[in-house]
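Novice: Need coordinates for the below:
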Amino acid sequence: EGRVKAGATLKGHIDVDAGGTQGPCPLSIKVDGAEVATQDVALDGGHTDVPFTYALPPSVTPGVVSVEASLTLTGQDTDAGNDQAASRLVVERPPHVVILDGDRDGAVPLANALKAEQMDVTVVQAADDGPPPDLSNTDLVILANAPVRAGATPGVIDDELGERLVKWVNDGGGMIVMGGPSALDGNYAQNRIADALP
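Specialist: Residues are numbered from 1 along each chain as shown. Below is the predicted model of the structure:
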């Protein structure tokens, strides 16, 4: 993989061309300088595909990191310079999720579950009149029983935020809507946010 999110599991493979060499050979794989796998590879003289997986720790910061593989031949090695290879991997920032919580602290279990999966989570109390969330670095918005402001009903989601959310979804943002006593009522139908719902 050329790109992976921080905290995700990296899947890759090493293509070993034995060039006629046969026998067992230790293979070491490093990601960002840390050895993540060692195994004996049975060289058969041709190509051998060695798959590997590695769960990137949260300590690996977003950016470009190296993926390196090296063989240690025990017998005759006609060209030691080709016993290593390296590639680059782009570690993207963790997904940022904004939860508009219509139940005071009702979204805490959901937020904790997402954080356990290495996601960056912001919870906004949606039943209060307050500033709208910043969507500039957001990947997913979850409306968790979030009311739409109409008349005397308070809420963060007004006509302006509803329109921004529709445009944001149309531009590729993700949105999940979870129902409840305060959600998916007539106020949703009167708001532009209805255009983003299935």
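
Novice: Longest helix in the chain, please.
Specialist: As assigned by DSSP state H, the longest helix anywhere in the chain is helix 159-170.

Novice: got the buried residues for that one?
Specialist: Under the neighbour-count criterion of 16 or more other Cβ atoms under 10 Å, helix 159-170 has 161-162, 164-166, 168-169 buried. To be clear about C-beta, it is placed using only N, CA and C from the backbone, and glycine gets the same treatment.

Novice: Which single one of those is nearest to P181?
Specialist: G162 (19.4 Å; Cβ to Cβ).

Novice: For this protein, which segments count as strands?
Specialist: Secondary structure of the chain, counting by DSSP state E: strands at 3-5, 9-17, 22-31, 34-44, 47-55, 63-71, 84-92, 96-101, 120-125, 140-144, 174-178.

Novice: Columns mean pLDDT and mean neighbour count on top of the ones you listed, output as a markdown table?
Specialist: Below are the strands of the chain laid out as a markdown table (pLDDT from 0 to 100; neighbours: other Cβ atoms under 10 Å):
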| stretch | mean pLDDT | mean neighbour count |
| --- | --- | --- |
| strand 3-5 | 85 | 15 |
| strand 9-17 | 87 | 15 |
| strand 22-31 | 89 | 16 |
| strand 34-44 | 88 | 14 |
| strand 47-55 | 89 | 13 |
| strand 63-71 | 92 | 16 |
| strand 84-92 | 91 | 13 |
| strand 96-101 | 96 | 23 |
| strand 120-125 | 94 | 18 |
| strand 140-144 | 96 | 22 |
| strand 174-178 | 95 | 15 |
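
Novice: would CSV of these with distance to V108 be doable?
Specialist: Listed next are those as CSV, based on distance: least, Cβ to Cβ, whole Å:
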stretch, distance to V108
strand 3-5, 23
strand 9-17, 26
strand 22-31, 34
strand 34-44, 34
strand 47-55, 25
strand 63-71, 31
strand 84-92, 27
strand 96-101, 8
strand 120-125, 8
strand 140-144, 10
strand 174-178, 14
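
Novice: Can you tell me which of the buried residues of helix 159-170 is closest to P57?
Specialist: Once Cβ to Cβ is applied, the member of those that ends up nearest P57 is W168, at 31.2 Å.

Novice: got a list of what V148 touches?
Specialist: Each residue near V148 by Cβ atoms under 8 Å, 6 or more residues apart in numbering is listed here: 155, 157-158, 162, 185, 187-188, 190-191, 193.

Novice: And those, which is the shakiest by pLDDT?
Specialist: Least confident entry in those, by pLDDT: G155, with 87.

Novice: you'd agree that residue is up against Q125?
Specialist: No - under the criterion of Cβ atoms under 8 Å, G155 is not in contact with Q125, lying 9.7 Å apart.

Novice: Could you tell me how many residues sit around T72?
Specialist: The tally of other residues near T72 (other Cβ atoms under 10 Å) stands at 11.

Novice: Now do the same for the closest residue to P181 other than its chain neighbours: its pLDDT.
Specialist: Nearest residue to P181 in three dimensions, chain neighbours excluded: N145, at 6.8 Å (Cβ to Cβ, 6 or more residues apart in numbering). N145 is assigned 94 on the pLDDT scale.
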